[in-house]
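Enquirer: following is a predicted model, sequence given first.
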Amino acid sequence: MTQIQPALFVPHGAPTFALRPGAAGAALSAMAGSLALPRAIVIVSAHWDTAVPTVGFAERPETIHDFWGFPDELYEIRYPATGCPEASAEVVAAIETAGLPVASDAGQGLDHGAWVPLRLMFPDAEVPVIPLSIQSRGGPEQAYRLGRALAPLTEKGFLVIASGNITHSLRDYQMAARNGGRTPAYVREFSEWIAGRLAENDVPALLDYRRQAPGGVQAHPSDEHLLPLYVALGAGGEKAEVRRFHAGIDDYVIAMDAFSFLGKKGG
């Protein structure tokens, strides 16, 4: 009998997270170690953004180094993932069944929002990986709908991993780096607000975070790094058991909180 998989929201931090995983990396590794081995992983990264949901079909997705000016050793890392066209086709079918448009991409690789957490969680690359894009123009509601489309797959052994960050402002990082590394108050306030609304299953407030959350716009000058949270939330199904399995701040302003959403059969 196939064991239902959770949907996970995980941080990918700065690219250097791959070199200095710290407490967040340990939490991701421990979470992966606690799971039954998935049939396949659907990885949703804030860094693959398309007009419509797009599913990767590459049999050996390449490791994409989509960043500049970092230590040379980062560019030498490869994550030897394999794909599974049959599983990718099931992801396409689930999205179509939910009434959403969907496209496929035979050559899409894994950007750092995908391979950095995957390398920490599944270092042996033993599980097939299927990349799935976000749609930043659709905002939180569309991301949540995309996640709901994936929910039936968790009952078939698919592990949904959505990768972003609870706070993400490059401007504030640059300011903090110049001003002694102080963490602005909104970083903790916003992350606690998110955790509280998730615990209460207050989906309407979460979808309206830019108006309701303290520091919402400052935490996310643009939506894309928070949208994976809504995909994970939706993929957990209605009234999922929510658990924050890591909370912390890296690089002054990047909240590295991680959440699991475990749904009920048929939820």
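Expert: It's in.
Enquirer: what's next to the helix or strand bottoming out on mean pLDDT in the chain, contact-wise?
Expert: Least confident helix or strand of the chain, by mean pLDDT, DSSP states H and E, is helix 170-178 with a mean of 82. Applying CB atoms under 8 Å, 6 or more residues apart in numbering, the contact partners of helix 170-178 are 182, 183, 184, 218, 221, 251, 252, 253, 254. For the C-beta atoms, the positions are set from N, CA and C on the backbone; glycine is no exception.
Enquirer: just confirm residue 234 is within a strand.
Expert: No. Using DSSP: H, G, I helix; E, B strand; the rest coil, the secondary structure at residue 234 is helix, not a strand.
Enquirer: so it is in contact with residue 147, correct?
Expert: Yes. Between residue 234 and residue 147 there is a contact under CB atoms under 8 Å: 2.3 Å.
Enquirer: between those two, which contacts overlap?
Expert: Joint contacts of residue 234 and residue 147 (CB under 8 Å, 6+ apart) are residue 7.
Enquirer: residue 65 - how many residues pack around it?
Expert: 17 (other CB atoms under 10 Å).
Enquirer: which residue is the nearest non-sequential neighbour of it?
Expert: Nearest residue to residue 65, sequence neighbours excluded (CB to CB, 6 or more residues apart in numbering): residue 75, at 5.0 Å.
Enquirer: phi, psi for that neighbour please.
Expert: For residue 75, the backbone dihedrals are phi -80, psi -10 (criterion: degrees, to the nearest 10).
Enquirer: before we move on, the earlier item: and the contacts of helix 170-178, which are buried?
Expert: Neighbour counting with 16 or more other CB atoms under 10 Å marks 183, 184, 218, 252, 253, 254 as buried within the contacts of helix 170-178.
Enquirer: pull out the CA atoms of the helix or strand where the third one lies and give them to me as PDB.
Expert: In this structure, residue 218 is located in helix 216-219 according to DSSP states H and E. In PDB, the C-alpha atoms belonging to helix 216-219 read as follows (Å, rounded to 0.1, in the frame of the first residue of the first chain):
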ATOM      1  CA  GLY A 216       4.500  41.800   3.800                       C
ATOM      2  CA  VAL A 217       5.600  44.000   0.900                       C
ATOM      3  CA  GLN A 218       9.000  44.600   2.500                       C
ATOM      4  CA  ALA A 219       9.500  40.900   3.000                       C
END
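Enquirer: the stretch 51-200 of the chain: helices as residue ranges?
Expert: 72-75, 85-97, 112-121, 139-154, 170-178, 185-199 (DSSP state H, counting those that start in this stretch).
Enquirer: now the weakest link among the ones you listed, please, by mean pLDDT.
Expert: With a mean of 82, helix 170-178 has the lowest mean pLDDT of those.
Enquirer: which parts of that helix are buried?
Expert: 172, 173, 176.
Enquirer: next, the angle from it to helix 185-199.
Expert: If you take axes from the mean of the first three to the mean of the last three CA atoms, to 10 degrees, helix 170-178 sits at 130 degrees to helix 185-199.
Enquirer: shift numbering so it begins at 40
Expert: OK, 40 is where the count begins now, so the last one is helix 209-217.
Enquirer: what's the span of stretch 94-114 from first residue to last?
Expert: 25 Å (CA to CA, to the nearest Å).
Enquirer: would you mark the buried spots in that stretch?
Expert: Using 16+ other CB under 10 Å as the test for burial, stretch 94-114 gives 94, 95, 96, 97, 100, 102, 103, 104.
Enquirer: if the second one is in a bridge, with which residues?
Expert: Here residue 95 sits in beta bridges with residue 144, going by DSSP bridges.
Enquirer: who does the strand of greatest length in the chain touch, helix- and strand-wise?
Expert: Ranked by residue count under DSSP state E, the longest strand found in the chain is strand 79-88. Judged by 3 or more CB pairs under 8 Å, 6 or more residues apart in numbering; DSSP states H and E, strand 79-88 is in contact with helix 151-160, strand 168-173, strand 197-203, helix 266-274.
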